[in-house]
Structure formats: C-alpha cells, structure tokens
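Q: sequence first, predicted coordinates after that:
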Amino acid sequence: MADCAAPAVRSHYEALGGLYRAAWGDSLHFGVYGPDDDRSRAAAAVERKLADEAGMLPGAQVLDVGCGTGGPALEIAAYAGARVTGIDLVPEHVERARSEAARRGLAELTRFVEGDATQMPFADASFDHVYAIESAYHAADKTRFYAECARVLRPGGCFVGTDWLCGERLAAEDDGILAEVERHFATPGLIDLPAVTRHLEAAGLIPELVEDLSALGDVDRNWDELGTAAWPRLARAGRGALPEELRTFAHGSRVLAQAAKSGAFVLGHWRARKPA
C-alpha cells in the first residue's frame, strides 16, 4: 500500500516546487556552511559528505530516495563516479532530473524513476548504498520508509541521510509552531533523533551515527536564507505564481525559521550499515 501522505506531498510540490527552485536551486535541502560558502556550496558539502562517509566509489550502485529534481544525485554522480538511481513521487521532478542529467553529460551515470519511497519498485539488495536527503519527513509511515530503504540495500552497504526532525526538549508553545511547519510543508509528523535510531534498528540496520547536523558545521545560516537572501530570486519566479502560493511560501519560510531558532525544529544526520 502506498503511503497515505503521498497525494498531499505530490500536490505540495506541484504547487510550490517552482518557487522552491527559484529561491534555492535544484538541491532542495539545507546545507552545512563553511566561512565563505554560499547556499549552493553549503548544499554540495552535505551531498559530498554523505558520499564520502558511505564510501561511494566509481561504479557503485546508489539509490537516492526522494530525489526531487536531481540536484544531489547529479552532484554525487559527478563527485564520486557512482551510478545513482533517483526515485521521486512527482512526475515533473523526474522529468526535470532526466533533462538536467542530459544537459550536464551525466545521463550515463544516472537514472530517475517515478515511485513511492514506501513501496519502491526495486528488488531486494539492489543497491550498494542508499541515501535520503530530507525526504523521510514526508512519509506518514516512517517505519515502512526506513524498512524499504533497508530492504533494497545490499549486505554491508551504508544507509546515510539527513532529515527534518523535532527537538528533543520541546516547550509547551512548540506544539503550535511545529503544527504550522507540518501544515505548510506536507509533513504528516516530525520525529526526534532517538526515534530515528529506533527506526534504523527496527529495519535491521546498525546505526553508526545519529546526530544533529550542526555537529558537522554551521547550519544557522540556513535560517537567514529563508529570509531576505532568497527574495530577489523569488520575486522573479513569483511573476507567474498565484498570490496564495506566494503567501504560503512566505509564511511557511518564516514559520520554519522561527521553529529552528527556537530549537523546536532541528536537522538530523545518520549513518547506518546493513549487517554483512
């Protein structure tokens, strides 16, 4: 059975995906900033970090779960020389990813398919490594999401990723702002870091690392990027957007930045291995 949140997630990106790409590009995830990094370099730093810690090598078969328009898959294919398959719910995402792969000369190293991450059309043990960059939070059935990622992973392979999470020490007022985040971003429920560990273990994986992404560097600049830095690009894209779409985008960005600065919202990072 497909994940019950899938229609809402698909509709969310069909409505707002163009605005997201205008503001932040094809790597629709948060980054880890070095002193002189802009947003694109900070996002690429996360992608390369995941490739390195999983040990992705030239020719390795790698799966990107929730690949979006292919930004991370293309970066990892070019950086590591791995053969990356991306799966995503949104047909337009898959089409754009294929087009970008051809434009960048990476069609030989990548393929992109439409599908649900909780019901993937791949055989058991199909991939040497699996990664998910800020996609698990969209699944209503987190247990099934993690189990599917483990199922298609070969013994000895690594499952790495990042995700949207709730803070472990929530104040009473945090419930309201988290509900706003969930409502604006097609999020059926945020879990915390200990829950990530439990899901990995329940899927038969051995967690080697489960931590706040801030352990890798500066993530606070992401919340500034939700504000004024994105607006010049957004204004250009917004000429063809509906007023309610712009209002939803603007309000959602403010809510997410507020939740992050309060500690109610955090970014998680994990590395887990399938027993050989």
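A: Received it, and whenever you're ready, just let me know what you need.
Q: quick one: the nearest residue to Arg271 once chain neighbours are set aside from Asp26, how far?
A: Distance criterion C-beta to C-beta, 6 or more residues apart in numbering; nearest residue to Arg271, sequence neighbours excluded, is Leu209 at 4.4 Å. In this view, the C-beta of every residue, glycine as well, is placed from N, C-alpha and C. Remark: distance between Leu209 and Asp26 (C-beta to C-beta, to the nearest Å) = 27 Å.
Q: the more surrounded of those two?
A: Applying other C-beta atoms under 10 Å to Leu209 and Asp26 shows that Asp26 carries more neighbours, namely 20 against 12.
Q: from what I see, that one and Ala73 are in contact.
A: No - the criterion here is C-beta atoms under 8 Å, and Asp26 misses it with Ala73 at 9.7 Å.
Q: CA atoms of stretch 255-262 as PDB?
A: Extracted in PDB, the C-alpha atoms of stretch 255-262 (Å, rounded to 0.1, in the frame of the first residue of the first chain):
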ATOM      1  CA  VAL A 255       7.500  29.700  10.500                       C
ATOM      2  CA  LEU A 256      10.300  27.300   9.700                       C
ATOM      3  CA  ALA A 257      13.000  29.800  10.500                       C
ATOM      4  CA  GLN A 258      11.200  30.600  13.800                       C
ATOM      5  CA  ALA A 259      10.900  26.900  14.700                       C
ATOM      6  CA  ALA A 260      14.600  26.400  14.000                       C
ATOM      7  CA  LYS A 261      15.700  29.400  16.000                       C
ATOM      8  CA  SER A 262      13.600  28.200  19.000                       C
END
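Q: list the buried ones in it?
A: Neighbour-count burial for stretch 255-262 flags Val255, Leu256, Ala257, Gln258, Ala259, Ala260 (criterion: 16 or more other C-beta atoms under 10 Å).
Q: got it, and stretch 169-187?
A: Applying a neighbour-count criterion of 16+ other C-beta under 10 Å, one finds Asp174, Ile177, Leu178, Glu180, Val181, Glu182, His184, Phe185, Ala186, Thr187 buried in stretch 169-187.
Q: same thing with stretch 81-95?
A: Within stretch 81-95, the residues that qualify as buried are Ala82, Arg83, Val84, Thr85, Gly86, Ile87, Asp88, Leu89, Val90, His93, Val94, counting by 16+ other C-beta under 10 Å.
Q: and stretch 51-65, by the same measure?
A: Buried residues in stretch 51-65 (16+ other C-beta under 10 Å): Ala51, Glu53, Ala54, Met56, Ala60, Gln61, Val62, Leu63, Asp64, Val65.
Q: nearest to Leu213 among those residues?
A: Glu53 (12.8 Å; C-beta to C-beta).
Q: could you list every residue that touches that closest one?
A: Applying C-beta atoms under 8 Å, 6 or more residues apart in numbering to Glu53 gives the contacts Cys158, Val160, Arg271.
Q: now these in TSV, with distance to Ala102, secondary structure and neighbour count?
A: Below are the contacts of Glu53 laid out as TSV (distance: C-beta to C-beta, whole Å; DSSP: H, G, I helix; E, B strand; the rest coil; neighbours: other C-beta atoms under 10 Å):
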residue	distance to Ala102	secondary structure	neighbour count
Cys158	29	strand	22
Val160	27	strand	24
Arg271	32	strand	20
